[in-house]
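Student: got a predicted structure here, sequence first:
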Amino acid sequence: MKKYCFALDLNDDKERIAEYELIHQRIWPEIEKSMFDAGILQMEIFRAGDRMFMIMEVNEDFSFEKKVTADLENPVVQKWEAYMWTFQKALPFAQKDEKWVLMNKIFDLKESTGL
């Protein structure tokens, strides 16, 4: 199993942030299926203010390239992404058309202590 972490901002609007959180209490079934089909085993999103942090755990067959291709071919995923983008905003340093920015791991307690 591999783990990836990402960051993204929300538009700084308390009502819209509350709506975004409500939507994520029960995502669309087609979105959930697309994640599992891609090899995503677990996903968590945390928020501090308007900054979000996502942890994604994937199986050994997961590929970002395959996920992107499958998402582009799935009209429900495209509708979801367009809807989510109405709540979200790119990080100041994000590349053009980049939403969730992959974060670099800089510390691991287990690796640091040899546990």
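Tutor: Thanks, I have the structure now.
Student: so where do the strands sit in the chain?
Tutor: Secondary structure of the chain by DSSP state E: the strands cover 2-10, 40-48, 51-58, 88-89, 101-102.
Student: low-confidence stretches in the protein?
Tutor: 114-115 (pLDDT under 70).
Student: in it, which spans are helices?
Tutor: 14-23, 29-38, 64-72, 75-85, 109-113 (DSSP state H).
Student: quick one: distance of the second one to the chain centre.
Tutor: In other words, helix 29-38. Per C-alpha atoms, centre = their mean, to the nearest Å, the displacement of helix 29-38 from the mean C-alpha position of its chain is 13 Å.
Student: contacts for it?
Tutor: By C-beta atoms under 8 Å, 6 or more residues apart in numbering, the surrounding residues in contact with helix 29-38 are Met43, Val58, Phe62, Lys66, Lys67, Ala70, Asp71, Asn74, Val76, Val77, Trp80. Backbone N, C-alpha and C define where each C-beta goes, glycine included.
Student: just these now: which is nearest Met52?
Tutor: Of all those, Met43 has the smallest distance to Met52: 11.9 Å, by C-beta to C-beta.
Student: how near is the nearest residue to that closest one once chain neighbours are set aside to Asn11?
Tutor: Closest residue to Met43 apart from its sequence neighbours, by C-beta to C-beta, 6 or more residues apart in numbering: Met56 at 5.0 Å. Counting by C-beta to C-beta, to the nearest Å, the separation of Met56 from Asn11 is 23 Å.
Student: who's in contact with the most centrally placed residue in the chain?
Tutor: Centroid-nearest residue in the chain: Met54, 5.2 Å away (criterion: C-alpha atoms, centre = their mean). Contacts of Met54 were listed using C-beta under 8 Å, 6+ apart, and they are Cys5, Phe6, Ala7, Leu8, Met43, Glu44, Ile45, Phe46, Trp100.
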